[in-house]
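Enquirer: starting from these lines, generate the structure:
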Amino acid sequence: MFHRIPRVSAICLTAGAFALSGPAGAAAIAVTVTIENLAPVNSVSFAPLRLGFGNGTFDAFNQGQSAGAAIVSIAEGGSASAWFPAFSAAEPSATLGSVGGALTPGNTASGTFLVDSAINRFFTFGTMVIPSNDLFLGNDSATGFQLLDADGNLLISSIVQRASAIWDAGSEIADPANAAFVAGGNNGLRTPQNGVVGFSFNELSAFNGLTTAAGYGFDLSALAADSDIYRISFSASPVPEPTTLALMAGALVPVGWLGRQRRADSRGTPRHE
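Expert: Numbers count the residues shown, from 1 in each chain. Model (predicted):
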């Protein structure tokens, strides 16, 4: 159901004690992340973008392997209820956050995050593709996107995803009756698939012609494997030193993990420009 996908504002959330004790010479950079749904009208939408700026340790998933709880929380409900804690455990000093709500075709959203470029130069992301049961976009390499150099210079201006880059977590059988963002669907139910992570643009055909929770009829006719569907753009600027500590302290306000209310234990090829 549409209301099961949490709508959140962008947050800047530091997992460790970097706010008060960053390394000497750390470059505090304000990074603005803008997301755009490039897909044809009435086709795929996206759950909130879950993101992290880290040191390249956290590996959310791997092609050909079983999906772990972290990526399943994104792929099956868009919530990151397990993805955020797993990222934080692997990289205590990472900056984590979210951008946007349910992003329908043609819409954009943005958020700004405070990043220490001395240690957190790599960008990792995940977002559920909707309507679906367990389709998502994300990077399967922890070091696939080095966003910043040590001095805080931006190395990547944008990441563009094509329909062929849609991943299938292989964790839930495709069934419109149980899918997210399908009118009348019950996203709280699921049938385990026990598969592995792989590319699966063709699975969207199961939803063709159905009414989405946003009220439009899902139409695959204009969507091809090579269609651009999603863009993540970046801009960055240094943060003046007197402002840095205040911003970082604000980032440490406790934030509850936002996720769908399912079970407590439930658990593309990208290109950049």
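Enquirer: so the nearest residue to Ser110 once chain neighbours are set aside bridges to which residues?
Expert: Take Ser110 and drop its neighbours on the chain: the residue closest to it by Cβ to Cβ, 6 or more residues apart in numbering is Thr34, 4.1 Å away. In this view, the C-beta of every residue, glycine as well, is placed from N, C-alpha and C. For Thr34, the beta-bridge partners are Ser110, Ser233 (DSSP bridges).
Enquirer: Ile232 is in contact with Thr34, correct?
Expert: Yes: under the criterion of Cβ atoms under 8 Å, Thr34 makes contact with Ile232 at 7.4 Å.
Enquirer: show me which of these two is the more surrounded one.
Expert: When Thr34 and Ile232 are compared for neighbours, Ile232 comes out ahead with 23 against 18, by other Cβ atoms under 10 Å.
Enquirer: quick check: the more buried one touching Phe125?
Expert: Yes: Ile232 lies in contact with Phe125 (Cβ under 8 Å); the separation is 6.6 Å.
Enquirer: what's the overlap in contacts for these two?
Expert: Leu49, Ile159 (Cβ atoms under 8 Å, 6 or more residues apart in numbering).
Enquirer: hmm, back to that, how much space between the residue nearest to Ser110 and Leu103?
Expert: Distance, Thr34 to Leu103, by Cβ to Cβ, to the nearest Å: 11 Å.
Enquirer: got a list of what the spatially most central residue of the chain touches?
Expert: In the chain, the C-alpha nearest the mean C-alpha coordinate belongs to Gly126, at 2.5 Å (Cα atoms, centre = their mean). By Cβ under 8 Å, 6+ apart, the residues touching Gly126 are Leu49, Arg50, Leu51, Ala60, Ile71, Ile74, Ala75, Ala80, Trp83, Phe136, Leu137, Gly138.
Enquirer: in strands, which of those residues appear?
Expert: Leu49, Arg50, Leu51, Phe136, Leu137, Gly138 (DSSP state E).
Enquirer: pop out the phi and psi values for Ala213.
Expert: phi -70, psi -20 (degrees, to the nearest 10).
Enquirer: surely it is in contact with Ala179?
Expert: No: Ala213 is beyond contact range of Ala179, at 9.9 Å (criterion: Cβ under 8 Å).
Enquirer: which one of these two has more residues nearby?
Expert: Using other Cβ under 10 Å as the criterion, Ala213 and Ala179 rank with Ala179 on top: 27 against 22.
Enquirer: would you agree the more buried one is in contact with Leu135?
Expert: No: Ala179 lies out of contact with Leu135 (Cβ under 8 Å); the separation is 9.4 Å.
Enquirer: what's the first-to-last distance across stretch 46-59?
Expert: 22 Å (Cα to Cα, to the nearest Å).
Enquirer: related to what we said a few turns ago, can you tell me the element the residue nearest to the centre of the chain falls in?
Expert: Here Gly126, judged by DSSP states H and E, is contained in strand 122-130.
Enquirer: looking at the protein, which helix or strand is least sure?
Expert: Lowest by mean pLDDT, DSSP states H and E among the helices and strands of the chain is helix 18-21, with a mean of 30.
Enquirer: ok, the closest residue to Gly78 other than its chain neighbours to Ala90 distance?
Expert: Closest residue to Gly78 apart from its sequence neighbours, by Cβ to Cβ, 6+ apart: Ala47 at 2.7 Å. From Ala47 across to Ala90, the span is 22 Å (Cβ to Cβ).
Enquirer: Asp226 is in contact with Gln161, correct?
Expert: No: Gln161 is beyond contact range of Asp226, at 11.5 Å (criterion: Cβ under 8 Å).
Enquirer: so the two - more neighbours on which side?
Expert: Using other Cβ under 10 Å as the criterion, Gln161 and Asp226 rank with Gln161 on top: 26 against 9.
Enquirer: fine, thanks again, bye for now.
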